[in-house]
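Here you go, sequence then predicted model.
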Amino acid sequence: MKKVSVIFASTLFIISCSSNTQSDKTETKFLDLSAAEHSELADEYWTISKHIPPQYPASAARNDVSGCVNVAVGIGSDGRAKGYEVRSSYPKGVFDDYAVAALQKWRWEATEKNSGRTPILKTVQLNFAIKEAPDDHEYIENCSSKR
């Protein structure tokens, strides 16, 4: 009898773990304003209400490395980052994780024009520089024109 109870309880546990209850899997539809020509339009939907600057990687600081990360970020109807895609970075991969970690802490507030809180996809560039105006030719070429 004890063995049957254990088997029954185990079976019940397995069945409950594999049940096919519907979870909320609604996909957010973002208005894509990530192209450079739409950057001002994106600002008409959401404004930054909480800006957390990214941490500077210690190894990059020690080596006096400057760079930037260009990220497409989805802003959900709650004003939080809902996904991202690193579109470009210089030097490749050095600052990516730090930029994304900071963006995930940012918050946006819907503008008066966006009373419906429309989720959007916009591009954000985060610059990493030891000096206020880096004079490195590659930094200028890769980061300055994308602001």
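Sure thing, it's come through. Residues are numbered from 1 along each chain as shown.

okay, which residue is most central for the chain?
Nearest residue to the geometric centre of the chain (C-alpha atoms, centre = their mean): residue 84, 4.0 Å.

Give me the secondary structure label for that one.
strand (DSSP: H, G, I helix; E, B strand; the rest coil).

Just list the residues touching it, thanks.
For residue 84, the contacting residues are 71, 72, 73, 74, 100, 103, 104, by C-beta atoms under 8 Å, 6 or more residues apart in numbering. C-betas here are computed from N, CA, C, even on glycine.

Residue 49 versus that one, what's the distance?
18 Å (C-beta to C-beta, to the nearest Å).

what about the residue lying closest to residue 143 once chain neighbours are set aside, which helix or strand?
Leaving aside its chain neighbours, residue 143 sits nearest to residue 68 (3.7 Å; criterion: C-beta to C-beta, 6 or more residues apart in numbering). Here residue 68, judged by DSSP states H and E, is contained in strand 67-75.

so what secondary structure elements neighbour that strand?
strand 81-90, helix 96-103, strand 120-128, helix 137-143 (3 or more C-beta pairs under 8 Å, 6 or more residues apart in numbering; DSSP states H and E).

how big is the angle separating that strand from helix 96-103?
Interaxial angle, strand 67-75 versus helix 96-103 (axes from the mean of the first three to the mean of the last three C-alpha atoms, to 10 degrees): 40 degrees.
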